[in-house]
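# sequence-free structure coming up:
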């Protein structure tokens, strides 16, 4: 599986927050060279699936890339939820819970993809 990571804000070039990098490090992932980037039409054309965190993200995808909005899948749906809280705006236990949800939902998505369900 190939994937790209891009967001809807125009804050391209930003490093992940230290608390997010620390969480990733505990999972054996190194985000020190990772930088944010804004999603582009080319990304949407390339994608088989566009994962989003909540309904607000979906609305922005529908507005910015209406011809690709049908590719949208809420990542939270893979763990029985309707939205995932944005870790960038959280701290303490809420941050931990949000990052755990993102990890769990990502693993579940990957498993369904590998099983050919997507």
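Arrived safely. Computed from a predicted structure; not experimentally measured. Numbering: from 1, shown residues only.
# Go ahead and name everything in contact with the longest helix along the chain.
Using DSSP state H, we find that the single longest helix of the chain is helix 92-114. The contact list for helix 92-114 (CB atoms under 8 Å, 6 or more residues apart in numbering) reads 1, 19-20, 23, 27, 51, 73, 75-79, 81, 84-87, 90, 118. The way it works is simple: take the backbone N, C-alpha and C, and place the C-beta from them, glycine included.
# change it to 6 Å
1, 23, 75, 78, 79, 84, 85, 87, 90, 118 (CB atoms under 6 Å, 6 or more residues apart in numbering).
# By neighbours, which of those wins?
Highest neighbour count within the contacts of helix 92-114: residue 84, with 24 neighbours (other CB atoms under 10 Å).
# Low-confidence regions, the chain specifically.
Counting by pLDDT under 70, the chain shows no low-confidence range.
# how about the helices in the chain?
Applying DSSP H to the chain gives helices spanning 18-26, 41-46, 55-64, 92-114.
# Redo the ones you listed as TSV? Include distance to residue 7.
Shown next, in TSV, are the helices of the chain (distance: least, CB to CB, whole Å):
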stretch	distance to residue 7
helix 18-26	13
helix 41-46	11
helix 55-64	9
helix 92-114	13
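# just to revisit the earlier point, go through the longest helix of the chain and flag the buried ones.
Using 16 or more other CB atoms under 10 Å as the test for burial, helix 92-114 gives 95, 98, 99, 101, 102, 105, 106, 109.
# how far away is the fifth one from residue 40?
Meaning residue 102. 22 Å (CB to CB, to the nearest Å).
# How about the second one?
Distance of residue 98 to residue 40, given as CB to CB: 26 Å.
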